[in-house]
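Participant: The sequence and its predicted three-dimensional model are supplied below.
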Amino acid sequence: AFLRPSDLHRISLADSQLDDHGRLRLVIVAPKETRRGRRIIKDSLIAPLPDDESLCPVQAFNALLNHP
């Protein structure tokens, strides 16, 4: 998923989740794009990197959520 910096700070952590296959579904609540004057909610699906856990975005998301 290609995300702009303006999209990154609009990710809803409450609506983002992991699916049954270990993929991360990010929900961008208020992106810049509009369609007929209404905001578009974007979903991004990010797959884990099985070869290198240190670079895996799904593991980084889990660490963010589990941090005290």
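Facilitator: Yep, it's here. Nothing here was measured: the structure is a model prediction, and the numbers come from that model.
Participant: Quick check, central residue of this protein?
Facilitator: By CA atoms, centre = their mean, the chain has its centre lying nearest to Leu26, at 2.7 Å.
Participant: who's in contact with Leu45?
Facilitator: Contacts of Leu45 were listed using CB atoms under 8 Å, 6 or more residues apart in numbering, and they are Ala1, Arg23, Leu24, Arg25, Leu26. Quick note: C-beta positions are derived from backbone N, CA and C, even for glycine.
Participant: Would you tell me what helix or strand it is located in?
Facilitator: Applying DSSP states H and E as the criterion places Leu45 in strand 42-46.
Participant: and that strand, which residues are buried?
Facilitator: Using 16 or more other CB atoms under 10 Å as the burial criterion, the residues of strand 42-46 that qualify are Lys42, Ile46.
Participant: For it, which strands pair with it and how are they oriented?
Facilitator: Strands adjacent to strand 42-46 in the sheet, as given by DSSP bridges, are strand 24-28 (antiparallel).
Participant: coming back round to it: now for the residue nearest to the centre of the chain: which residues touch it?
Facilitator: Taking CB under 8 Å, 6+ apart, we find Leu26 in contact with Ala1, Leu3, Ile11, Ser16, Asp43, Ser44, Leu45, Ile46.
Participant: hang on, Phe63 is in a helix, isn't it?
Facilitator: Careful, residue 63 is Ala; it's not Phe. Yes - read with DSSP: H, G, I helix; E, B strand; the rest coil, Ala63 is one of the residues of a helix.
Participant: thinking again about what came up before, mind putting the contacts of Leu26 into a markdown table with distance to Pro57 and pLDDT?
Facilitator: A markdown table is the format used below for those (distance: CB to CB, whole Å; pLDDT from 0 to 100):
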| residue | distance to Pro57 | pLDDT |
| --- | --- | --- |
| Ala1 | 9 | 58 |
| Leu3 | 11 | 76 |
| Ile11 | 12 | 87 |
| Ser16 | 12 | 89 |
| Asp43 | 15 | 86 |
| Ser44 | 10 | 88 |
| Leu45 | 11 | 90 |
| Ile46 | 5 | 90 |
